[in-house]
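Chemist: predicted model, plus sequence, below.
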Amino acid sequence: MNKNIQTETKSETCCSERRKIRTKEEIKQLATRLNRIEGQVRGVKNMLENGAYCVDILTQVSAITAALNSFNKVLLASHISTCFVDDIKEEKEGAVEELVGIIQKLMKN
């Protein structure tokens, strides 16, 4: 079993009982992306409050959407190469269905 995966008690802030232990580097890279996105969202809020032109705001929102999609791609690739592979090796029931479900959710956006 991959040592990056750990099962803990269900948290009130998360939907799954499963947990993944990430390396410091992985956390840093993902957090950097999220911090950048957070800054972009704050920038759009400021644009709105300062009366920016609609098209300019929409352009920035589009950039935020692209950044979130990029974040999802990185996280999904990590999930497939670690959690999903481990589940398949351990013959865990529902692994494929879970992956298909998340891909379907991501493709709706």
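Modeler: Thanks, I have the structure now.
Chemist: which SSE is the residue located most distally from the centre of the chain in?
Modeler: Centroid-distance maximum for the chain: G51 at 31.1 Å, with C-alpha atoms, centre = their mean. Following DSSP states H and E, there is no helix or strand that holds G51.
Chemist: what does stretch 56-64 rub up against?
Modeler: By C-beta atoms under 8 Å, 6 or more residues apart in numbering, the surrounding residues in contact with stretch 56-64 are I37, Q40, V41, G43, V44, M47, L48. (Glycine included, C-beta is placed from N, CA and C.)
Chemist: phi first, then psi, for R18.
Modeler: Backbone torsions for R18, taken as degrees, to the nearest 10, come to phi -80, psi 150.
Chemist: what about it, distance to D86?
Modeler: The gap separating R18 from D86 is 11 Å, by C-beta to C-beta, to the nearest Å.
Chemist: swap in K73?
Modeler: 20 Å.
Chemist: more crowded one of the two?
Modeler: Legend: neighbour count by other C-beta atoms under 10 Å for K73 and D86, higher for D86 (16 against 11).
Chemist: quick check, pLDDT for that one.
Modeler: Looking at D86, its pLDDT reads 93.
Chemist: find the nearest non-adjacent residue to the residue nearest in space to the middle of the chain, please.
Modeler: Among the residues of the chain, the one closest to the centroid is N72, at 4.3 Å (C-alpha atoms, centre = their mean). Spatially, and ignoring its direct neighbours in sequence, N72 is nearest to L106 (5.7 Å; C-beta to C-beta, 6 or more residues apart in numbering).
Chemist: elements contacting the helix or strand containing that neighbour?
Modeler: Following DSSP H and E, one finds L106 within helix 95-108. Using 3 or more C-beta pairs under 8 Å, 6 or more residues apart in numbering; DSSP states H and E, the elements in contact with helix 95-108 are helix 54-79, helix 85-89.
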